[in-house]
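A.B. asks: Below: sequence and its predicted model.
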Amino acid sequence: MQLTPETAEILALRALAWLLANDDLLPVFMGSTGVDAETLREGAGTPEVQRSVLDFILLDDAWVIGFCDMHEFDYASVHTARQLLAGGEEYHWT
């Protein structure tokens, strides 16, 4: 998949669907972000929620691999999509 801002959004929505289907990981995401089911449902199409989903998946290589293998994405595509989403400019913690 050639990543553009539009395809990055598609990838993020697929990542959200993957996360929603994961009964073990979804509660971890919701607990770590503080998002509830209603907010997640209402905000699914927003860059903020999509970035938070990708940020969460990027926390663990196994999650990146699991998601990317399921959809046959390159492993780097999650990080690239994160940067391409509106407001997704790379940031530095230091």
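C.D. replies: All right, it came through fine.
A.B. asks: wait, what's in contact with the residue nearest the centre of the chain?
C.D. replies: Nearest to the mean C-alpha position of the chain, counting by CA atoms, centre = their mean, stands L54 at 2.3 Å. Each residue near L54 by CB atoms under 8 Å, 6 or more residues apart in numbering is listed here: 11-12, 15, 78-79, 81-82, 85. (Glycine included, C-beta is placed from N, CA and C.)
A.B. asks: Likewise for E48?
C.D. replies: E48 neighbours (CB under 8 Å, 6+ apart): G87.
A.B. asks: closest to A21 among the contacts of L54?
C.D. replies: Nearest to A21 among the contacts of L54, counting by CB to CB, is A15 at 10.8 Å.
A.B. asks: didn't that closest one look like it was pressed against G66?
C.D. replies: No - if you go by CB atoms under 8 Å, A15 and G66 don't touch, sitting 10.6 Å apart.
A.B. asks: Thanks a lot, catch you later.
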